[in-house]
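Q: Quick check, what structure comes out for this input:
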Amino acid sequence: MSQDEIEDNLNTPESQPEHHSELDVNAEPESGETIKKVTGMYKEWFLDYASYVILERAVPAIEDGFKPVQRRIMHSIKELDDGRYNKVANIVGHTMQYHPHGDASIADAMVQLGQKDLLIDTQGNWGNIFTGDEAAASRYIEARLSKFALDVLYSPKITPWQLSYDGRRNEPINLPVKFPLLLAQGGEGIAVGLSTKVLPHNFLELIDASIKILKGKPFQLYPDFPTSGIADISNYNDGMRGGRVRVRARISQFDKNTLVIKDIPFSTNTTNLIESILKANEKGKIKVKKVEDNTAAEVEILIHLPAGVSPDKTIDALYAFTNCEISLAPLGCVIENNKPLFTGVSNMLRVSTERTKNLLLQELIIELGELEEQWHYLSLERIFIENRIYRRIEEEETWEGVIQTIDEGLKPHIKHLKRPVTTDDITRLTEIKIKRISKFDIDKAQEKIEALEGDIETVKYNIEHIVPFTIDFFTRLKEKYGKGRERKTELRSFDTIEAAKVILRNNKLYVNRAEGFMGTGLKKDEYVAECSDIDDVIVFLRDGNMIVTKVDDKKFIGKDIIHIALFDKNDKRTIYNMIYRDGKTGSSFVKRFNVSGVTRDKSYDLTQEKPGSQVLYFSSNPNGEAEVVTILLRQVGSVKKLKWDLDFADIAIKGRASKGNTVSKYPIKKIELKEKGISTLRPRKIWFDDAVQRLNVDGRGELLGEFKPNDRLLIITQNGKLKTIIPELTTHFDDDMIVLEKWKPTKPISAIYYDGEKERYNVKRFLVENENKEELFISDHEKSQLEVVSTDWRPMAEVIFAKVKGVQKDPQTVNFEEFIAVKGIKAIGNLLTSDKVKQVNLLESLPYEEPVEEVVEEPTFEPEDLDPLDITLEDDGQMALFGGNE
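A: You can find the predicted model right below:
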């Protein structure tokens, strides 16, 4: 907000206090005092205050990236700098000569600068950005300028100066910073009417981007946080208003009952992170046994889980309900020409890069002038001494005569000089000592002049080629200071975690079927399932009505409840099998349907809406199972066939509003379950999205295959471990995973590994023997490591040998199938070679015709345009059998 905008806001009717318009300025109260309007004073004073806070306190300048207090701190450190550490208390006191505020605010600002580990070389306890521990008192800690700060921050000859607040000293208006400091360090502040939040970026990436700007190439900038972690920058919006950056802690599974947090999100610390975990545990959103903080130089938080709690689900719940995931809202606002400027990080970098180029140009121009002055004086000195002009002044009695004599003596020899000889030049010549004249070496003087001429030509060349010179400057910074400043934050797209899927179900749902009540408070009635406060419940009544409603303490749904379960609107695999009578005396129909999108608390009639309709048979099938039932009719008239079997697998799955197929037009006496069904659904296709490291059924990423209910995934990691799991969309995968595929029990796994104990390479082939246990298939030694692994039927490998005494052995090709038979997973394997191995590579596998699996046709669902519900839950299969007409 500019000063003009602030003034306009203050001129609006809303900003004027209404009661002032009713006051008479000239009215005299009984006390004899005059009443004065404060509107004008408020307007002027508030505008001054707002402008001061914006310009002098909260918002950094685009020129050097500093707020005023930071700039004054860096100037004070430079004034005190002698290469040794200074007490922070001394620096703070010195800064108060320039900064008209208390020592506490200066000390806090200095600690923040020191914790960024870029400009200030610190000594002592400066606090911990991971734990949130504060720094020691300023009298106990010390600081000095870093070498990087000395290289890029200071250049007094090109620094613009102004008087300090009390007029006693000069302070820099802006420091001549030759680096995008604001983007490297980040910065935030809250002013009057506006705020700023610039996220930190990577040191090396900023230099690379600056070089691209100078070369006219496109570039992109993304944040990099000192606390590491994982960030989703898909909505970064160049750091401008409206952007969002989601940052997550790095959580992995330490063992089956323990999670470990190694990185934390930016702007949090281990203290408030643990507090948020404990608070979520108290509210019942997650279930945690104990939280252990082992953070020191690096973050390590151990989260111990109770037995039976899913680590994968807990990780998602931690992201959903705690500070393990936070959302940052960047807002690029800087001061330019004494006005706030809202801009993106790309423009900030362009401005910084252009300013760096101009500052370097100014320094070169000043350096050129200084070199030319040196060359000019050395040339004059040589002429003065070589031509013994100093002897001509011996007879002169006046100063004016001395000056004139030297001037006349120089004139024949100064045609090659680049500027006229001034009185100051001559005066300087008279100050040369006799000792210097007596020891003057013409050859050495000429060498110095020629060296200066070479330097002058170099500087002139750099001025003419300022862009390459600036690129070289950035390249030198990268080489000199870039080590150890690689990116810390991993950039990755995040999947959206649905709270209902990961929340801990810490309540129990009960039902009174006859009376039609359900809820968590009916503890004496029939238990249904564990639930949470945000779950929804699907209920089917005997009269054919269905309703989805929220979990409650006690709620009336309708009498004669035949089925109740937790509801998931995204579940398209749960199929309901139903036989109903149409009206009191009508025909009976059979139907199969799925329920996905519905409107909460709306009643849906699954029959043909005739009075007296009744559900005769009902079952819920999580994987589309189709059972066989026996239909028994009442003896009516001349009906001969009173009993037959009905297979639900013959019935097509349609929408819930479908009429269904006719079972019989005669009254049904009884329906009996004859045979439990198997799934009639086509195996579910599952994909792996490498961008978010998650499984999905939406077609994103690599297709892993079609999975039946009992099919499993094979996972192999680089540390030589493997396991098989039932594929769940909430599963988290380790970073060192190298194989992820559908597991085929009869398909052998081939591997070459280095045995650290025996110091040799072994080859082995094996099958997974225990599908419910993670197993190590290489030797258990700290130096053992997996070289290659293949799950192909007939894999091939190439062994490249190291050169021994100048002799290079030809590579060896390994056919695993011929080299070794399939053995147990604990077998050591066969020796690969006794020669020294340099590298092992997998080759293209030999052809193999794999048996084709029989696939069941997938039923089609009728689309339903219904209102969505933002809920997802698991559903257990239930079955209800009822008598027929009575």
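Q: Stretch 614-632: which residues count as buried?
A: Burial within stretch 614-632, assessed by neighbour count using 16 or more other C-beta atoms under 10 Å, is assigned to 614-627, 629, 631. For glycine as for every other residue, the C-beta is placed from the backbone atoms N, C-alpha and C.
Q: what two of those residues are the furthest from one another?
A: Of all pairs drawn from the buried residues of stretch 614-632, the widest gap by C-beta to C-beta lies between Gln614 and Asn623 and measures 27.6 Å.
Q: Out of the buried residues of stretch 614-632, which is nearest to Ile264?
A: Proximity of the buried residues of stretch 614-632 to Ile264, judged by C-beta to C-beta, is greatest for Pro622, which lies at 38.6 Å.
Q: now that closest one: how far from Ile752?
A: The span separating Pro622 from Ile752 equals 43 Å under the rule C-beta to C-beta, to the nearest Å.
Q: Just list what the longest helix seen in the chain packs against, helices and strands only.
A: Among the segments of the chain that qualify as a helix by DSSP state H, the longest is helix 345-386. Other elements packing on helix 345-386 under the criterion 3 or more C-beta pairs under 8 Å, 6 or more residues apart in numbering; DSSP states H and E are helix 181-185, helix 203-215, helix 399-410, helix 423-430, helix 442-464, helix 466-481.
Q: Residue ranges in the protein under the pLDDT threshold?
A: Low-confidence segments of the chain, defined by pLDDT under 70: 1-43, 498, 500-501, 851-886.
Q: Centroid-nearest residue for it?
A: Nearest residue to the geometric centre of the chain (C-alpha atoms, centre = their mean): Ala231, 0.5 Å.
Q: So in terms of bridging, what pairs with that residue?
A: With beta bridges defined as DSSP bridges, Ala231 has these partners: Val247, Leu491.
Q: That one against Leu491, yeah?
A: Yes - the pair Ala231 / Leu491 is scored as a contact, 5.8 Å apart, by C-beta atoms under 8 Å.
Q: Spell out which residues are contacts of both of those two.
A: Shared contacts of Ala231 and Leu491 (C-beta atoms under 8 Å, 6 or more residues apart in numbering): Tyr222.
Q: before we move on, back to that, in strands, which of the buried residues of stretch 614-632 fall?
A: Among these, the ones falling in strands (DSSP state E) are 614-621, 625-627, 629, 631.
Q: What segments of the stretch 751-886 of the chain are helices?
A: Secondary structure of the stretch 751-886 of the chain by DSSP state H, counting those that start in this stretch: the helices cover 816-819.
Q: And the strands in it?
A: Counting by DSSP state E, counting those that start in this stretch, the stretch 751-886 of the chain forms strands over residues 760-766, 775-776, 785-790, 796-801, 812-815, 830-833, 837-843, 879-881, given from the N-terminal end onward.
Q: What about Gln588, how many residues nearby?
A: To be clear, residue 588 is Ser; Gln isn't right here. Each residue near Ser588 was counted by other C-beta atoms under 10 Å, and the total is 24.
Q: Isn't it up against Tyr617?
A: No - no contact is recorded between Ser588 and Tyr617 when judged using C-beta under 8 Å, the distance being 9.3 Å.
Q: Now for the two: what residues contact both?
A: With C-beta under 8 Å, 6+ apart, Ser588 and Tyr617 have common neighbours Ile579.
Q: And the closest residue in space to Gln115 that isn't next to it in sequence, how close does it get to Ile671?
A: For Gln115, ignoring the flanking residues on the chain, the nearest one in space by C-beta to C-beta, 6 or more residues apart in numbering is Ile129 at 5.5 Å. Using C-beta to C-beta, one obtains 68 Å as the distance from Ile129 to Ile671.
Q: How about Met737?
A: Using C-beta to C-beta, one obtains 50 Å as the distance from Met737 to Ile671.
Q: repeat for Phe556
A: 29 Å.
Q: neighbour count winner among the two?
A: Between Phe556 and Ile671, counted using other C-beta under 10 Å, the more crowded position is Ile671 (21 against 12).
Q: if we look at the sheet, which residues does that one bridge to?
A: Beta-bridge pairing of Ile671 under DSSP bridges involves Ile631.
Q: That one touches Thr630, doesn't it?
A: Yes - using C-beta under 8 Å as the test, Ile671 is close enough to Thr630 to be in contact (7.1 Å).
Q: which residues does the nearest residue to Leu113 once chain neighbours are set aside contact?
A: Counting by C-beta to C-beta, 6+ apart, Ile120 is the residue found nearest to Leu113 once chain neighbours are left out, at 5.5 Å. With contact set as C-beta under 8 Å, 6+ apart, Ile120 has these partners: Ile77, Met110, Leu113, Gly114, Ala143, Arg144, Leu145, Ser146, Ala149.
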